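J.: here you go, sequence then predicted model.
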Amino acid sequence: FSSDEVRNVYTRMGDGSYDRTYVMPVEVSMEAVLDGEEFKWTRGKSSINASRSITQPRDICRKAEKMAEDNSTEFPVLVYLSAGYQSLIWMAFDIAYRMAVLNPDKKEYIAESKGVVLIDEIDMHLHPRWQWNIVNALKTVFSNVQFIAATHSPILFAASNDLWLIDVEKEEVNYTESRCGYDANAVLEIFMGAKSQNPETEKLIHSIYVAIRNKEEARKKLIASVSEASDLLAL
């Protein structure tokens with residue numbers, strides 16, 4: 001357990017003021033099914049300042065050791081997932097865990113906890129197909145949480161209609177609505193100031209359009225531009 005998992009408990013005093021107490025968890029109970037067997041165990045510390053945590057009963061540790069030594073053991077599919085899948089799953093696990101630590105009385109309603117979650121580079125390692133769904137997925141699972149996420153992905157700008165964009169590039173912070181309905185290339189060029197094509201390719205395409213509009217020597221310039229473009233594509 002770390003210091004960022006401390007829960008603040010406020011108690012109203014008789015004079016109208018509040019007394020604040022810091023509570024850090026020293027014990028967590030868990031359940032799991034491994035190789036068809038059900039295990040229940042507790043991992044905790046003898047005190048908040050203890051350097052190591054203790055797992056009781058030890059049967060879960062002995063089972064894990066036997067499984068690791070057995071070549072026929074089939075490990076959970078999570079081990080073989082891509083970095084994008086794993087980062088998303090561990091993010092959900094981490095949020096749910098902290099909800100449980102800070103709101104121990106909610107029990108099975110823990111996902112209904114309220115809060116604010118900050119995520120840096122939410123699109124990190126995520127395939128573009130997942131980027132279209134990540135915002136709505138988090139809001140569905142943790143419906144009472146406000147997410148504030150940093151991103152450089154044009155897909156996330158348009159991934160959901162139920163979000164606000166905060167532009168911090170300029171001196172004055174700018175709040176704008178979602179770009180839902182725009183395609184990723186439009187977001188990239190119009191709102192992010194970047195190009196959706198390689199600049200050299202875009203320059204060649206532009207020269208072809210100019211040559212078509214120019215009636216004089218149109219055929220000569222068009223052939224030369226197409227030949228140059230073909231040479232580039234062949235590289």
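T.: Right, received. Where do you want to start?
J.: all strands for this structure, in order.
T.: 7-12, 18-23, 27-34, 37-44, 54-56, 115-119, 145-149, 164-167, 174-177 (DSSP state E).
J.: ranking the ones you listed by burial, who's on top?
T.: Mean neighbour count (mean count of other C-beta atoms under 10 Å) peaks for strand 145-149 among the strands of the chain, with a mean of 15. Every C-beta, even on glycine, is put in place using the N, C-alpha and C of the backbone.
J.: how about the strands of the chain in CSV, adding mean pLDDT and distance to residue 126?
T.: Output for these, formatted as CSV (pLDDT from 0 to 100; distance: least, C-beta to C-beta, whole Å):
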stretch, mean pLDDT, distance to residue 126
strand 7-12, 76, 31
strand 18-23, 75, 35
strand 27-34, 78, 27
strand 37-44, 83, 31
strand 54-56, 76, 33
strand 115-119, 89, 12
strand 145-149, 89, 12
strand 164-167, 80, 18
strand 174-177, 78, 23
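J.: which stretch among those strands comes nearest residue 158?
T.: When these are compared by C-beta to C-beta, strand 164-167 sits nearest residue 158, at 10.1 Å.
J.: each with direction, which strands does the closest one pair with?
T.: In the sheet, strand 164-167 lines up against strand 174-177 (antiparallel) (DSSP bridges).
J.: tabulate the strands of the chain (JSON lines), appending distance to residue 158.
T.: JSON lines is the format used below for the strands of the chain (distance: least, C-beta to C-beta, whole Å):
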{"stretch": "strand 7-12", "distance to residue 158": "38"}
{"stretch": "strand 18-23", "distance to residue 158": "42"}
{"stretch": "strand 27-34", "distance to residue 158": "39"}
{"stretch": "strand 37-44", "distance to residue 158": "43"}
{"stretch": "strand 54-56", "distance to residue 158": "46"}
{"stretch": "strand 115-119", "distance to residue 158": "18"}
{"stretch": "strand 145-149", "distance to residue 158": "15"}
{"stretch": "strand 164-167", "distance to residue 158": "10"}
{"stretch": "strand 174-177", "distance to residue 158": "11"}
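J.: minimum distance to residue 135: which of the ones you listed has it?
T.: strand 145-149 (7.8 Å).
J.: now stretch 105-117: buried residues?
T.: Buried residues in stretch 105-117, counted by 16 or more other C-beta atoms under 10 Å: 110, 111, 113, 117.
J.: closest one to residue 190 out of those residues, please.
T.: Nearest member of the buried residues of stretch 105-117 to residue 190, counting by C-beta to C-beta, is residue 117, at 28.9 Å.
J.: beta partners of that closest one?
T.: residue 147.
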